[in-house]
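Trainee: Below are the sequence and a predicted model; questions follow.
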Amino acid sequence: MTHVLILGAGPAGLAAARAARSRGARVTLVDSADAVGGQYWRHLPEQRAGANEESLHHGWDRFTALRQELEADGDVRLMHSTSVWAIDRDGEGALRVHATEGPADGPGREPHTLSADAIVLATGAHDRTLPFPGWTLPGVFTAGAAQALAKSERIAVGRNVVVAGAGPFLFPVAASLSQVGANVVGVFEAARGGSMAKGWLPRPWSLLRASHKAGELVQYVSNHVRNRIPYTLGSAVIAAHGTAHVAAVTIADLDTNWAPIPGSERRIAVDAVCVSHGFTPRVELAVAAGCELTSERFVVTDERLESTVPGVFAAGEITGIGGVDASLVEGEIAGLAAAGLTAIPTKLRRRHRATTDFARRIEAAHGIRSGWTSWLTDATVVCRCESVTAGAIDAATAASEQDALRSVKLTTRAGLGVCQARICGRTLEQLIGTHPGGGIVDNRPIASPIRLGELAAASTLSRTEHENTTLIEKESPHE
Ligand SMILES: Cc1cc2nc3c(=O)[nH]c(=O)nc-3n(C[C@H](O)[C@H](O)[C@H](O)COP(=O)(O)OP(=O)(O)OC[C@H]3O[C@@H](n4cnc5c(N)ncnc54)[C@H](O)[C@@H]3O)c2cc1C
């Protein structure tokens with residue numbers, strides 16, 4: 001029986017699991033979160049499940065049906081609360097996936113080393129936030145964090161909240177905040193009318209294939225109308241103000257390149273700010289597996305979604321930011337292909353083309369423009385883990401003769417802190433002007449935090465793997 005190992009149990013991973021099972025493969029599905037569902041179906045933990053969970057999610061019935069089907073299937077092994085921290089190769093050159101099972105950073109986590117006939121990478125993305133003066137003040141959140149708190153804890157990050165950034169994601173964030181009782185003072189989208197039209201207006205008929213997205217849009221617009229939330233195009237939060245906590249923000253109108261238009265600045269009093277300027281894919285496991293990336297940092301795949309490493313497939317946000325529909329259709333294709341299907345059905349390929357088109361539109365309408373760097377002052381913190389400022393990065397870049405990324409990291413420590421450049425990395429690259437071939441921030445041999453004791457135990461485990469079959473999971477528990 002072919003064994004398919006799927007890393008990430010969001011929409012892409014779940015769809016891949018179902019598709020692989022439909023071709024008779026045995027499936028192991030791994031996710032670091034407490035429950036399956038990924039970012040889109042993030043929900044309250046089972047111990048305190050919400051009575052009205054479906055009201056906070058689109059497609060909730062689809063998710064619960066998918067989850068029940070996989071949970072009831074004896075040939076699916078669901079491993080949640082399991083973080084993959086490395087991928088390497090064994091003595092024979094086969095890929096090995098190293099993971100720990102148990103509460104994040106908790107004691108006594110169980111180590112696992114997994115191998116399979118095919119691997120599907122479905123690790124998703126995290127939201128990207130551009131820095132601005134004051135963004136490190138308490139009360140400034142990434143929109144993703146604010147939404148996660150609303151969805152999985154029912155916590156509103158503030159009473160009077162501004163949502164700002166770029167992309168359709170700002171709508172659900174404003175909706176989630178309203179649902180948990182926050183007053184959303186305004187949503188400020190950096191993209192101007194012109195680029196919105198360029199992204200969304202051409203070939204409107206092709207958008208019909210994403211018709212349920214239109215349904216979601218109607219719900220979001222009615223949320224804006226019901227809660228009287230102003231939505232302003234071509235504007236951004238360019239500074240946050242306060243001493244111990246954010247108390248106000250400066251909003252400015254932007255030109256087409258996202259540089260603030262002088263004289264358009266105005267202050268708004270708030271007690272929380274949620275910012276998101278799109279997403280960046282979580283590609284460290286793909287990098288560890290040896291997969292090639294595009295210049296925009298997505299995993300290169302063929303029509304069957306096989307990466308440049310034979311037997312390793314990729315689906316969802318790590319191949320392009322196209323929303324939940326793209327993740328579902330890609331998961332289906334990757335799951336089928338990983339389980340041995342060589343020719344993808346035409347209908348599925350057509351659906352895939354439509355969702356890829358959706359991803360292109362998002363980029364054309366809302367993609368980050370380079371003028372945002374003029375929001376920064378020399379004192380603006382860029383790497384918050386190591387408190388490195390834009391001025392320090394500029395000075396180190398000017399002083400370095402080659403491989404500026406490496407020099408800046410070593411001289412300033414930017415990107416070397418706890419988050420390992422997950423928050424500041426892309427910003428750092430842009431400020432330095434490094435092209436991806438010159439070194440990228442996503443090369444993280446250790447993909448998720450691991451205790452030194454666990455690491456030591458894991459290396460002992462690797463040395464003794466042939467003798468110690470109780471800890472090395474070469475065999476399926478179902479066999
Ligand atoms: C913060 C955030 C909020 C979003 N909110 C919305 C929304 O409200 N509405 C909307 O339409 N779209 C939203 N999106 C976009 C939407 O979530 C995605 O389109 C969709 O979830 C992508 O599915 P996916 O399966 O590719 O990735 P995800 O849903 O992100 O799933 C990836 C999974 O991989 C797991 N994973 C990653 N690395 C590891 C590792 N090393 N070890 C183990 N597990 C790992 C993660 O825990 C996660 O569960 C959001 C995206 C983000 C990042």
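Mentor: Nice, I can see it.
Trainee: mind checking the SS state of residue 365?
Mentor: Of the three states, residue 365 takes helix according to DSSP: H, G, I helix; E, B strand; the rest coil.
Trainee: nearest spatial neighbour of it, skipping sequence neighbours?
Mentor: residue 199 (2.5 Å; Cβ to Cβ, 6 or more residues apart in numbering). In this view, the C-beta of every residue, glycine as well, is placed from N, C-alpha and C.
Trainee: Kindly report the same for residue 272.
Mentor: Excluding the flanking residues, the one nearest residue 272 by Cβ to Cβ, 6+ apart is residue 158, at 2.6 Å.
Trainee: I'd guessed the one you found sits against residue 149; true?
Mentor: No - if you go by Cβ atoms under 8 Å, residue 158 and residue 149 don't touch, sitting 10.7 Å apart.
Trainee: before we move on, back to that, could you look up the SS state of the residue nearest to residue 365?
Mentor: Counting by three-state DSSP, the backbone at residue 199 sits in helix.
Trainee: List the contacts of residue 121.
Mentor: Going by Cβ atoms under 8 Å, 6 or more residues apart in numbering, residue 121 touches 7-8, 285-286, 289, 291, 299, 307, 312-315, 318.
Trainee: so which of the residues you listed also contact the ligand?
Mentor: Restricting the contacts of residue 121 to those within reach of the ligand (Cβ under 6 Å from any ligand atom) leaves 7-8, 285.
Trainee: Walk me through the domains of the chain.
Mentor: 3-126+280-344, 129-277, 376-431 (automatic domain parsing).
Trainee: now these in TSV, with mean pLDDT?
Mentor: Below are these laid out as TSV (pLDDT from 0 to 100):
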stretch	mean pLDDT
domain 3-126+280-344	92
domain 129-277	91
domain 376-431	91
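Trainee: Could you identify which of those is most buried?
Mentor: Per-residue neighbour counts averaged over each of these give the maximum for domain 3-126+280-344, namely a mean of 20 (mean count of other Cβ atoms under 10 Å).
Trainee: Would you mind listing what in the stretch 101-250 of the chain touches the ligand?
Mentor: For the stretch 101-250 of the chain, the residues found near the ligand under the criterion Cβ under 6 Å from any ligand atom are 122-127, 144, 147, 169, 172.
Trainee: I'd like to know which of the residues you listed are part of helices.
Mentor: Among these, the members falling in helices (DSSP state H) are 144, 147, 172.
Trainee: And residue 233, how far from the ligand?
Mentor: 20 Å (Cβ to the nearest ligand atom, to the nearest Å).
Trainee: next one: residue 441
Mentor: Between residue 441 and the ligand the distance is 16 Å, computed by Cβ to the nearest ligand atom.
Trainee: Name the helix or strand for that residue, please.
Mentor: Using DSSP states H and E, no element contains residue 441; it sits outside every helix and strand.
Trainee: excluding its backbone neighbours, what's nearest it?
Mentor: By the measure of Cβ to Cβ, 6+ apart, the closest residue to residue 441 outside its immediate chain neighbours is residue 425, 3.2 Å from it.
Trainee: one step back: make a markdown table out of the residues of the stretch 101-250 of the chain next to the ligand and add distance to residue 276.
Mentor: Below are those laid out as a markdown table (distance: Cβ to Cβ, whole Å):
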| residue | distance to residue 276 |
| --- | --- |
| 122 | 21 |
| 123 | 19 |
| 124 | 15 |
| 125 | 11 |
| 126 | 10 |
| 127 | 4 |
| 144 | 6 |
| 147 | 9 |
| 169 | 6 |
| 172 | 10 |
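Trainee: In strands, which of those appear?
Mentor: Within these, residues falling in strands by DSSP state E are 125-127.
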